[in-house]
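Chemist: Got a sequence here, can you model it:
(2 chains)
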Amino acid sequence: MNSNHQWPTWEVFTQKKQGAAHEHAGSVHAPDAEMALLNARDVYGRRQEGVNIWVIPTNAIIASTPEDVGAFFDPANDKMYRSPNFFKTADGLKTI
Amino acid sequence: MMTELNTALIEYCLRIADNSLIHAQRIADWTGHGPILEEDIAMSNVSLDLIGQARGFYTYASQLEGNGKSEDFYAFHRGERDFRNRLMVEQPDLKDFGFTMMKLFFNGCFDYLIFRDLMKSNDETISGLASKSIKEVTYHVRHAGDWVVRLGDGTEESHQRIQKSLNELWPFTNELFEQNEVDELLIHNGAAFNKKELKAEWEAMVNEIITKATLIIPSDSTYFYSGGINGVHSEHLGFLLAEMQYLPRMYPDAIW
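Modeler: Coordinates of the predicted model:
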C-alpha cells in the first residue's frame, strides 16, 4: 500500500473495569468508526484487557505544544496547597 | 465397554473440532501476510479462537474414549480419511482476502446457530463448550460480515472479486446441513439438534448481509460438494495435513 493511501488513524482508549477511567492504549488505522472499533478490539482488547473501548479520530484531538509547558505547568510547581496530599483517604481506596 | 451413544458423541465432537482446527490452520496462513497490520492481528485472533474450540472438543472426545489419547493425537496423528471437517474450510485461503472473509462469514453464521442450539444440549460438557464458543463466533460473524459488505458494496474490482469468491464457495454450503445416523441418535437423546432445521435461519442471516453487499447468490441449479462427514475430502486437505503434521511426525518426542 502506498503511504499516501494509508487509512486515517484513530486513538484507542480502553476501560479496564466498570467505573474506571478509560486509558490511552495506542492507535489503529481504519477507514471509518465501525472498523476502528473492530480493529481496536483486535489489537488492544484481545487479551481481556477491558470492558469498554473508545475510538476517537486522531485529528480530533487538540494537543498542547511544547512551547506551552511553561505557561501551562510551571505555575503549579510551588503551590503545594493545590495538591490533595493533606486529605485522609479510606484504606484500600485505589481510585479517586 | 463403549456404548453406542458414547461412540456417537465422540464422532460428533471430532466433527466440530476437526472443522475448527482445519479452518484455523487455513486462516493462520495469513499471519504475516494480512492486508494491514490490524487485520493481520485480527485473523491470528480468529485462528486462535478456532484452535481453542478445537482443543475443547478434542479433549472431551479423548475423555469419552478414555484411552489416554491427547488432543495432539487427534490433530497430528490421524490421516486425511479420519478428518471429519467440512470441505469448505480446507479450501486454500491465501489467494484472496475476500475469499477468506466470505468463508469465515458462511461458517460463522452456521456455527453461531449450531452453538446456540448446543447450549441447550443435555450433555453438560457440550453445552459448556458451546456457551464459550458462541461469543467468539458472534465476533467472527460481525467482523467477516462487515468485510463482505465493504468489499461487495465497495469498488468495481472488490465487488467483482468477492462475488467470484461467493460463487466459488456457494457449492460448499449445502454440506453445513448434512447429517447422518450419528446426529439422529444424539438428537433422539437430547444431546444434539437437527441441523436441517437451521437452514432457513442460516439463509436469512446470510441474505441480510449479501443483500447489503449488493451480491447475488447463485441459482439453485448449482452442484453441491459433499463428503466431509464420511472423511472424503478434496485434494487440498492432504497437503494441509502434511504441513501441519510434519513436525510431530518427524520428531515424535518433541514437546510444546
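
Chemist: mind pulling up the phi and psi values for the residue nearest the centre of chain A?
Modeler: Most central in chain A under CA atoms, centre = their mean is A:His24, positioned 2.8 Å from the mean C-alpha point. Dihedral pair for A:His24: phi -70, psi 130, per degrees, to the nearest 10.

Chemist: list the contacts for it?
Modeler: The neighbours of A:His24, taking CB atoms under 8 Å, 6 or more residues apart in numbering or on different chains as the test, are A:Glu11, A:Val12, A:Phe13. Every residue, glycine included, has its C-beta placed from N, CA and C.

Chemist: right, and A:Gly50 touches A:Lys16 too?
Modeler: Yes: with contacts counted by CB atoms under 8 Å, A:Gly50 reaches A:Lys16, the gap being 5.3 Å.

Chemist: ok so, going back, ok, so of the contacts of A:His24, who is nearest chain B?
Modeler: Distance from chain B was checked for each of those by CB to the nearest CB. The minimum falls on A:Val12, at 10.6 Å.

Chemist: Just give the nearest non-adjacent residue to the closest one, would you?
Modeler: A:Ala40 (4.2 Å; CB to CB, 6 or more residues apart in numbering or on different chains).

Chemist: give the contact list for that neighbour.
Modeler: Contacts of A:Ala40 (CB under 8 Å, 6+ apart): A:Trp10, A:Val12, A:Thr14, A:Ala25, A:Val28, A:Ile53, A:Val55.

Chemist: in what helix or strand does it lie?
Modeler: helix A:33-44 (DSSP states H and E).

Chemist: Quick check: the gap between B:Arg86 and chain A.
Modeler: 26 Å (CB to the nearest CB, to the nearest Å).

Chemist: Run through the residues that contact that residue.
Modeler: So, once contact is read as CB under 8 Å, 6+ apart, B:Arg86 ends up touching B:Asn19, B:Asn107, B:Phe172, B:Glu175, B:Leu176, B:Gly228.

Chemist: in the chain, which spans are helices?
Modeler: No chain was given, so I picked chain A. A:33-44, A:69-73 (DSSP state H).

Chemist: should've been chain B
Modeler: Ranges of helices within chain B are B:4-28, B:37-65, B:71-76, B:87-90, B:97-118, B:124-152, B:156-169, B:181-189, B:199-212, B:236-250, based on DSSP H.
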